[in-house]
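Undergrad: Below: sequence and its predicted model.
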Amino acid sequence: VPDADWWRGGVIYQVYPRSYQDTSGDGIGDLIGIAERIGYIASLGVDAIWISPFFTSPMKDFGYDVSDYTNVDPMFGTLGDFDHLVRVAHDHGIRIIIDLVLSHTSDLHPWFVESRMDRENPKADWYVWAEPKPDGTPPTNWLSIFGGSAWQWDGKREQYYLHNFLISQPDLNFHNQEVQEALLDVVRFWLDRGVDGFRLDTINFYFHDQELRDNPPLAKELRNASIAPAVNPYNHQLHVYDKNRPENLGFLKRFRALLDEYPGTTAVGEVGDAQIGLQIVADYTSGHDKMHMCYAFEFLSGVPVTVDRVRTVMTDFMNAAPEGWACWAFSNHDVVRHATRWGDSVQDRERYIRLLAGLIISLRGSICLYQGEELGLTEADLAFEDLQDPYGIQFWPDFKGRDGCRTPMVWSEHEQSAGFTHGQPWLPIPPEHRHLAVDAQDHVQASMLNHYRRLLAFRRAHPVLAKGSLEFADTGKSVLSMIRRNNDEAIFCAFNLSDEIQVIERPQGELEPLEGHGFSGLLRPGTIEISPYDAFFARLG
Ligand code: TEU
């Protein structure tokens, strides 16, 4: 009997397939490469992998621009390779979550090729087409995250089409029922192939306002750079009409009803929003009839991880969604790796990111770890000439794009291309990553890699960390303390986020220090003493 609730509190390891393991020698990772590394992934102790898109694509946005939803891009392999990967993963007890980009397609998708032919073809209304304003300018003030207007003029139809991302990523028109049906058919195709779930790209962008109203401007003090870099004018609007539309809920319900036909499957929706993101996560995950969980952006920005910040995010979310379920992440393929984003401003980066690993495994919710995070990889500092990401090329040098977190996995300290490929890697291997390679850490008990393995085993041994209720204890500005409870156990945990030794008061009740997490906070007669960037875990009686 499959454990239908495995996703609740589960740990998902994100694989960026271009950069995981190449077996063909073209310098780009592939599905067979992932299958070869499943043993390693299983050794981490994760529940599932989320594989970023591997579907047929012109790769303008590295696979987030799909031209065939039901096939594998030759660069990554074949459908047969995918079936093989599913089998190997399942043999190792690892579930497969695939990344569906339903909000938009590539401009080379046959649906769009047909849609743009004229205004009468059967797919004429499958994308968001609109007339120009009388002066010829775009229909609304909506902006593309990747720069400029979200509207692109098409000379043939003499209309604009909507794109929230690249010009080559036209936005599907979810108001059209046929579009919804076609996308649900895609979902069914992959369910029938044995996938265990979906990461749904940009789910809050599915619907747009049919009245085409302008977004209001956003006051400077309310701007927040967690979705787009500060220099991006996208941050200067309140996104009420181009996304976050109430109609999204209806489609998510249809989607969920389909998943419920396949017990044990799950969906994690990506909610990219800097303004009302947590509320959207709450709305989309409450009621057991939409998303199982949503991927929140709160810990993906540069906002430092202070005691206050963690308390505010977690409390706001629990208040907004007592029954909702979030998926937390510190790093992914879109943002600066947190070892750099947060680690650059502390004295002892390594101890600090070890502490953060202890913190994320102690959060109520599910969690996503991004490939290489378990090795302690930092952001690669690439030269302009090395850049591949159109977003980085557009905003350079204020924003360097997303290539610095997408460099290849380092498997071997000394092998050519760190064991990633026999060919020329599509992005350079940062020399400073080599000593962190898997083969350099694997057998070293004290390594970052084994620290993550220990912590994931610890989380598994104490389900209360993932699913229990969460209450904060007041232990001052520098120490984040949580009491986690369920029917079977209660755990008190404390994280010293400062670079000074901290002595805190012990909570009420009997404390029995726990082992197996690798931290060394000490229980004293009346107090708890925690070294800089260290933590303490105890069973609370
Ligand atoms: O990202 C959605 C999103 O909001 C991005 O703009 C994100 O904020 C940005 O990349 C951060 O720098 C998803 C995918 O994760 C991303 O890789 C795609 O480019 C995007 O959708 C379009 O499909």
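TA: On my side now, so go ahead. Numbering: from 1, shown residues only.
Undergrad: Those residues of the stretch 1-150 of the chain touching the ligand, which are they?
TA: Proximity of the stretch 1-150 of the chain to the ligand, by Cβ under 6 Å from any ligand atom, involves residues 61, 64, 101, 145. C-betas here are computed from N, CA, C, even on glycine.
Undergrad: Just give me the closest of these to the ligand.
TA: Ranked by distance to the ligand (Cβ to the nearest ligand atom), those are led by Tyr64 at 3.4 Å.
Undergrad: With adjacent residues omitted, what lies nearest to that closest one?
TA: In this structure, Tyr64 finds its nearest non-sequential neighbour in Val101, 5.2 Å apart by Cβ to Cβ, 6 or more residues apart in numbering.
Undergrad: could you measure that neighbour against Trp328, distance?
TA: 22 Å (Cβ to Cβ, to the nearest Å).
Undergrad: which residues sit against stretch 327-340?
TA: 12, 14, 16, 52, 268, 293-296, 298-302, 341-342, 349, 353, 356, 360, 363, 365-370, 372-373, 376-379, 402, 404-406 (Cβ atoms under 8 Å, 6 or more residues apart in numbering).
Undergrad: follow-up on the earlier one: buried ones among the residues of the stretch 1-150 of the chain next to the ligand?
TA: 61, 64, 101, 145 (16 or more other Cβ atoms under 10 Å).
Undergrad: quick one: which of these sit in strands?
TA: Among these, none falls in strands (DSSP state E).
Undergrad: Redo those as JSON lines? Include distance to Leu427.
TA: Below are those laid out as JSON lines (distance: Cβ to Cβ, whole Å):
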{"residue": "Asp61", "distance to Leu427": "15"}
{"residue": "Tyr64", "distance to Leu427": "17"}
{"residue": "Val101", "distance to Leu427": "21"}
{"residue": "Ile145", "distance to Leu427": "22"}
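Undergrad: now those residues as TSV including pLDDT?
TA: Below are these laid out as TSV (pLDDT from 0 to 100):
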residue	pLDDT
Asp61	98
Tyr64	98
Val101	98
Ile145	95
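Undergrad: Pull the most distant pair out of those.
TA: Val101 and Ile145 (13.9 Å; Cβ to Cβ).
Undergrad: quick one on the thing from earlier: how about the contacts made by the residue nearest to Tyr64?
TA: Contacts of Val101 (Cβ under 8 Å, 6+ apart): 53, 63-66, 201-202.
Undergrad: how much space is there between it and Trp7?
TA: 20 Å.
Undergrad: how many other residues sit next to Asp91?
TA: Using other Cβ atoms under 10 Å, Asp91 has 10 other residues around it.
Undergrad: can you give me the helices for the stretch 401-541 of the chain?
TA: For the stretch 401-541 of the chain, helices defined by DSSP state H, counting those that start in this stretch occupy the ranges 438-441, 448-461, 463-467.
Undergrad: Dump these to a markdown table, plus mean pLDDT, distance to the ligand and mean neighbour count.
TA: As requested, these are exported to a markdown table (pLDDT from 0 to 100; distance: least, Cβ to the nearest ligand atom, whole Å; neighbours: other Cβ atoms under 10 Å):
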| stretch | mean pLDDT | distance to the ligand | mean neighbour count |
| --- | --- | --- | --- |
| helix 438-441 | 98 | 25 | 18 |
| helix 448-461 | 98 | 23 | 20 |
| helix 463-467 | 97 | 24 | 20 |
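Undergrad: could I get those as TSV with distance to Ile38?
TA: Output for these, formatted as TSV (distance: least, Cβ to Cβ, whole Å):
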stretch	distance to Ile38
helix 438-441	14
helix 448-461	16
helix 463-467	23
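Undergrad: out of those, nearest to Asp308?
TA: The nearest among the helices of the stretch 401-541 of the chain, by Cβ to Cβ, is helix 463-467 at 21.5 Å.
Undergrad: Please enumerate residues in contact with that closest one?
TA: 8-10, 361-366, 458-459, 484-486, 488-491, 493.
Undergrad: In this structure, which residue sits nearest the ligand?
TA: Gly272 (2.9 Å).
Undergrad: Just the pLDDT at that residue, thanks.
TA: The model reports Gly272 with a pLDDT of 88.
Undergrad: I'd guessed it sits against Thr202; true?
TA: Yes - if you go by Cβ atoms under 8 Å, Gly272 and Thr202 touch, sitting 5.8 Å apart.
Undergrad: in the sheet, who's paired with Ala535?
TA: Phe495 (DSSP bridges).
Undergrad: Wait, it touches Cys493, no?
TA: Yes - in terms of Cβ under 8 Å, Ala535 counts as a neighbour of Cys493; the distance is 6.6 Å.
Undergrad: what residue lies at the spatial centre of the chain?
TA: The centroid of the chain falls nearest to Asn332 when counting by Cα atoms, centre = their mean (5.3 Å).
Undergrad: Helices along the stretch 151-300 of the chain, start to end?
TA: 177-192, 248-259, 277-285.
Undergrad: tell me the most buried of these?
TA: Of those, the one with the most neighbours on average (mean count of other Cβ atoms under 10 Å) is helix 277-285, at a mean of 23.
Undergrad: and the stretch 351-500 of the chain, which residues reach the ligand?
TA: Arg402.
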